[in-house]
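Here is a sequence together with a model predicted from it:
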Amino acid sequence: MDLQLASSPNLHFSSTKTLPFPSRFHKPLPFSTNFTYYKPINYSKNKPLITGYHPIRAQSLNPNSTPSDNDDDDDDDGFVLEDVPHLTNYLPDLPTYPNPLEYSQAYAIVKNTFVSPEDVLAYQIVVQRGSPRGVHFRRAGPREKVYFKPEEVRACIVTCGGLCPGINTVIREIVCGLNYMYGVNNILGIEGGYKGFYSRNTMELSPKIVNDIHKRGGTILQTSRGGHDTNKIVDNIQDRGINQVYIIGGDGTQKGAAAISKEVERRRLHVAVAGIPKTIDNDIAVIDKSFGFDTAVEEAQRAINAAHVEVESVDNGIGIVKLMGRYSGFIAMFATLASRDVDCCLIPESPFYLEGEGGLFEFVQQRLKENRHVVIVLAEGAGQDFLSGSENATEKDASGNKLLLDIGLWLTQKIKDHFTTVKGMAVNMKYIDPTYMIRAVPSNASDNIYCTLLAQSAVHGAMAGYTGFTVGPVNSRHAYIPIGHVTEATNVVKLTDRMWARLLASTNQPTFLNKHE
Ligand SMILES: Nc1ncnc2c1ncn2[C@@H]1O[C@H](COP(=O)(O)OP(=O)(O)O)[C@@H](O)[C@H]1O
Ligand SMILES: O=P(O)(O)OC[C@H]1O[C@](O)(COP(=O)(O)O)[C@@H](O)[C@@H]1O
Ligand SMILES: [Mg+2]
């Protein structure tokens, strides 16, 4: 049912079940939302899903409907729309203009050029008969009316936080999307992350300038951590006459984007703020997967292959490969699943232990006996508890992220000591740390396509007057998601989900669940 909902262009909301929401949510859009009042959603398994920030009834999705149209039809089967803010929330008299795409050659024969205001995407697509329809997000894409005259748009793009493959592709496609689809010529690149708004130069961006940047890793705009000063940034946005802000970055950056969009609202500025989620760790909630993640997993295969070749070629070879993943072990998990040469994958979400029955030492010894070699993949955030007592354990980076200590070096030493000193057995340790190599590469083909969709969706959203939103795929269709929704929780590997079980079944490694004290 929800799949149909996500894809049907002729959607009609009707149902015979009782509506669980009071009629105060029964408002026409896009004037109904006030994102400053969002409350956290509780996704706990035991609680119903319909506890969203801002439940809006199905019948109110169409801006042309009025509350009275809907009063007699008091049922929507538990439908919740987690809507994104719109500039008209605080600037109700903003004029609209026809979307230039109407006359675009590219869209000339497209059946439905514009996304219907009724189109939403279901957050949960695995449902049972009778379960509430649950949370939905607005479908991304071009709207019939835009809230900016193209010749008056002055857009800017900023990149913040750590690198990941594909940032340049997103920059390129925002610039080309604005220019080719909407005729926007005035686009600024803010250099050096958030602090660049007030302490660095800017660069003019045009399709010509960005033409081949997608072939390069990194970000042509440079990036940084720390330095988010909301007032200074918004002052600068005003001073420069910027009215569309495209912010590419991870969880920290998106929190910054939310603060900027709130301040923009407080000052009642005609400025749309769009977030494009970027994280190599895939730790951003709600969206299916972050861009560059597949490229990073692919690149990690080289390191794992190298470790495998090395340890296979010596006696009692033990290879350890450390991959990125501060709090979320997705890269390690997917790199392990992809490789098949990995004996054991260690991630932050699954605490492990070394000694005794079911411990890592016992497992390594057993694999050495069977195969004469072992490959361990380790996420950088795994086993940090072992190092928590050490000096520097509380250091933070400029953004306030905890600096991790090198668990790879620590584990290499521990395993070596155990086998040589305790077991009297010579082992060949090979430690590979490809950390930056997996995120400094250009994005692969599928990530490039993904980045293009993200960029174009962000452009359509901003032009349509949405603000304070993050764009991203939800069940493989692109949606506009309230920023607060993606920053309130970190996406982590759930040990209770089948994916981790699949990994355990693939490596046949210990679960580390049965430690006997
Ligand atoms: N809670 C926050 N509020 C406002 N800005 C933030 C917040 N957390 C991080 N930032 C800013 O976002 C930028 C990037 O954050 P960081 O955590 O380094 O990377 P990422 O966005 O990739 O997670 C930095 O400039 C930082 O100052
Ligand atoms: O050394 P840097 O550049 O601070 O980056 C290291 C960190 O960046 C990450 O890739 C995450 O960065 P983001 O939070 O910016 O996505 C972590 O995996 C890693 O710990
Ligand atoms: Mg982060």
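Received it, and whenever you're ready, just let me know what you need. Numbering: from 1, shown residues only. Ligands and ions are numbered 1, 2, ... in the order given.

Look up phi and psi at the closest residue to I280 other than its chain neighbours.
Spatial nearest neighbour of I280, excluding adjacent residues (C-beta to C-beta, 6 or more residues apart in numbering): C164 at 4.1 Å. C-beta coordinates here come from the backbone N, C-alpha and C atoms, glycine included. Torsion angles at C164 (phi, psi; degrees, to the nearest 10) stand at phi -160, psi 150.

all strands for the stretch 51-200 of the chain, in order.
79-81, 97-98, 120-122, 134-139, 145-146, 155-159, 187-190 (DSSP state E, counting those that start in this stretch).

Show me the contact partners of stretch 338-346.
Outside stretch 338-346, the residues that touch it by C-beta atoms under 8 Å, 6 or more residues apart in numbering are 297-298, 301, 304-305, 307-308, 329, 332-333, 335-336, 352, 360, 363-364, 367, 371, 374-379, 382-383, 503, 506-507, 509-510.

Please flag which of those sit within helices.
297-298, 301, 304-305, 307-308, 332-333, 335-336, 360, 363-364, 367, 371, 503, 506-507 (DSSP state H).

Could you measure from the nearest residue to I347 once chain neighbours are set aside over to ligand 2?
Leaving aside its chain neighbours, I347 sits nearest to G329 (2.4 Å; criterion: C-beta to C-beta, 6+ apart). As judged by C-beta to the nearest ligand atom, to the nearest Å, G329 and ligand 2 stand 11 Å apart.

Could you tell me how many residues sit around G329?
32 (other C-beta atoms under 10 Å).

most tightly surrounded among the strands of the stretch 51-200 of the chain?
Mean neighbours per residue, mean count of other C-beta atoms under 10 Å, is largest over the strands of the stretch 51-200 of the chain for strand 155-159, with a mean of 29.

does any bit of that strand sit next to ligand 2?
No: counting by C-beta under 6 Å from any ligand atom, ligand 2 is not contacted by strand 155-159; separation bottoms out at 10.3 Å.

is that strand anywhere near ligand 1?
No: remark: strand 155-159 sits outside contact range of ligand 1, by C-beta under 6 Å from any ligand atom, the gap being at least 9.3 Å.

So in the chain, where's the weakest helix or strand by average pLDDT?
Every helix and strand of the chain was ranked by mean pLDDT, DSSP states H and E. The lowest is helix 2-7, at a mean of 34.

Report the buried members of the ones in helices among the contacts of stretch 338-346.
297-298, 304, 307-308, 332-333, 335-336, 360, 363-364, 367, 503, 507 (16 or more other C-beta atoms under 10 Å).

So which of those is the closest to ligand 2?
Ligand 2 lies nearest to A332 out of those, by C-beta to the nearest ligand atom, at 10.7 Å.

In contact with the closest residue to the closest one other than its chain neighbours, which residues are there?
Counting by C-beta to C-beta, 6+ apart, A379 is the residue found nearest to A332 once chain neighbours are left out, at 4.0 Å. Contacts here follow C-beta under 8 Å, 6+ apart; on that basis A379 touches 322-325, 328-329, 331-332, 346-348.

what do you get if the cut-off is 6 Å, keeping everything else the same?
Going by C-beta atoms under 6 Å, 6 or more residues apart in numbering, A379 touches 323, 325, 329, 332, 347-348.

again with V297
334-335.

Distance-wise, check C345 relative to G325.
11 Å (C-beta to C-beta, to the nearest Å).

Now for those two: what residues contact both?
By C-beta under 6 Å, 6+ apart, the residues touching both C345 and G325 are A332.

Show me what residue of the stretch 51-200 of the chain gets nearest to ligand 3.
G161 (5.7 Å; C-beta to the ion).

oh, I was asking about the stretch 201-350 of the chain
For the stretch 201-350 of the chain, C-beta to the ion, closest residue to ligand 3: G250, 3.7 Å.

What about the spatially closest residue to that residue that is not a sequence neighbour, how many residues nearby?
Using C-beta to C-beta, 6+ apart and skipping the chain neighbours, the partner closest in space to G250 is T279 (4.1 Å). Counted with other C-beta under 10 Å, the neighbours of T279 add up to 28.

Would you check that T279 makes contact with S290?
Yes: applying C-beta atoms under 6 Å, one finds T279 in contact with S290, separated by 4.7 Å.

Check for me that C345 belongs to a strand.
Yes: under DSSP: H, G, I helix; E, B strand; the rest coil, C345 falls within a strand.

what's across from it in the sheet?
For C345, the beta-bridge assignment (DSSP bridges) gives partners V377.

State the distance from it to I167.
Distance from C345 to I167, by C-beta to C-beta: 27 Å.

for D341, same thing?
30 Å.

Then I220?
In terms of C-beta to C-beta, I220 sits 9 Å off from I167.

So if I had to pick from those two, which one is more boxed in?
Taking neighbours as other C-beta under 10 Å, I220 and I167 compare with I167 leading, 30 against 18.

wait, isn't that one in contact with L221?
No: contact criterion C-beta under 6 Å: I167 and L221 do not qualify, at 8.3 Å.

Identify the contacts common to the two.
Contacts common to I167 and L221, judged by C-beta under 6 Å, 6+ apart, are T159.

May I see the buried residues of the helix or strand hosting A257?
Assigned by DSSP states H and E, A257 belongs to helix 251-266. With burial defined by 16+ other C-beta under 10 Å, the residues of helix 251-266 counted as buried are 251-265.

Quick check: bridge partners of L205?
I187.

and it, what does it touch?
Under the criterion of C-beta under 6 Å, 6+ apart, the neighbours of L205 are 175, 187, 189.

The second one and L178, how far apart?
Separation of I187 from L178 (C-beta to C-beta): 6 Å.

Quick check: neighbours shared by these two?
A155.

just to revisit the earlier point, for the strands of the stretch 51-200 of the chain, could you give me TSV that also reports distance to D447 and mean pLDDT?
Below are the strands of the stretch 51-200 of the chain laid out as TSV (distance: least, C-beta to C-beta, whole Å; pLDDT from 0 to 100):
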stretch	distance to D447	mean pLDDT
strand 79-81	30	95
strand 97-98	34	96
strand 120-122	21	97
strand 134-139	22	97
strand 145-146	29	98
strand 155-159	16	98
strand 187-190	21	98
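
would JSON lines of these with distance to T435 be doable?
Putting the strands of the stretch 51-200 of the chain into JSON lines (distance: least, C-beta to C-beta, whole Å) gives the following:
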{"stretch": "strand 79-81", "distance to T435": "40"}
{"stretch": "strand 97-98", "distance to T435": "47"}
{"stretch": "strand 120-122", "distance to T435": "35"}
{"stretch": "strand 134-139", "distance to T435": "34"}
{"stretch": "strand 145-146", "distance to T435": "43"}
{"stretch": "strand 155-159", "distance to T435": "19"}
{"stretch": "strand 187-190", "distance to T435": "27"}
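
Brilliant, that's me finished.
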